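> 3D, please:
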Amino acid sequence: ALIRLRNGRYVSDGCPPALAAAGRAGGRLDCVSLLAAIGVFVRERRGPLHVQIDADASRLPSTGTSVRRHWRAPSCDRTRLAADIIEALAQACRCQTPRDAIATLDSAWHLGFVDEEGIAAVFAHLPRRFRVLRGLLDRRAEAGTESLVRLMMRMLGCSVETQVDIPGVGRVDLLVDGWLIIECDSRAHHASWEERRRDTRRDLAA
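Okay, here's the model as predicted:
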């Protein structure tokens, strides 16, 4: 079965809803919307759908406030429904606060969507003022919340180590000033009874 998005544009009925919505809007899934769809951390998952629109696009459907358009010439095939990952990360840096942008880049790097070369390519797409963020990235961060807390601690003037192995405890998310352990637990990986028991044992050992 096929689903008609616009005149001359069709997708299979198994197409992810976000991609189909971007196609109906006349563009490609982009920015924080694309990153959230593939599992990269973004702070705000609610809100308008971010869509990349070709610079020469015309006769676009009216979307009101449900779609945020990013106008630029695509580097990918025009038939694709998703923007290039490097361009999406660069756009996400523009659309988020600096702290949230760092957490997003940390997440994409940790998950393997980009490597050192890819991170350099992201910053090559951004104005010079964004380069200050490069030195604050840490690909060892396993969660966006971990990145945010790390940045908060550094803002307070603390020394922060990431993913530290402590004998008898194991690896902890953050070690602040050499003595304070901070664990950034989420419901996604710490909600079950066994996970809670494991976390409690680690807390007691710490």
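> pLDDT score assigned to Gly47?
Looking at Gly47, its pLDDT reads 86.
> for the chain, what spans make up the helices?
17-24, 31-37, 85-95, 98-110, 116-124, 144-155, 187-190, 193-205 (DSSP state H).
> give me the distance between Leu34 and Ser66.
Here Leu34 is placed at a distance of 16 Å from Ser66 (C-beta to C-beta, to the nearest Å). Yep, even glycine has a C-beta here, placed from its N, CA and C like the rest.
> and Ala88, by the same measure?
19 Å.
> have a look at those two and say which one is more surrounded.
Between Ala88 and Ser66, Ala88 has the larger neighbour count (other C-beta atoms under 10 Å), namely 27 against 11.
> so who does the more buried one touch?
30-31, 34-35, 52, 82 (C-beta atoms under 8 Å, 6 or more residues apart in numbering).
> hmm, which helix or strand of this structure has the shakiest average pLDDT?
helix 187-190 (a mean of 59; mean pLDDT, DSSP states H and E).
> can you get me a residue count around Arg197?
Arg197, neighbours per other C-beta under 10 Å, totals 10.
> next one: Gly135
What Gly135 shows, counting by other C-beta under 10 Å, is a neighbour count of 6.
> from Val67, how far off is it?
The value you get for Gly135 to Val67, if C-beta to C-beta is used, is 34 Å.
> cool, and Asp56?
For Asp56 relative to Val67 (C-beta to C-beta), the value is 18 Å.
> and for Ile3?
Remark: distance between Ile3 and Val67 (C-beta to C-beta) = 18 Å.
> which residue of these two possesses the greater neighbour count?
Legend: neighbour count by other C-beta under 10 Å for Ile3 and Val67, higher for Val67 (21 against 14).
> residue contacts, the more buried one?
25, 48-51.
> OK, contacts around Ile119?
Going by C-beta under 8 Å, 6+ apart, the list of residues near Ile119 reads 105, 109, 134, 137.
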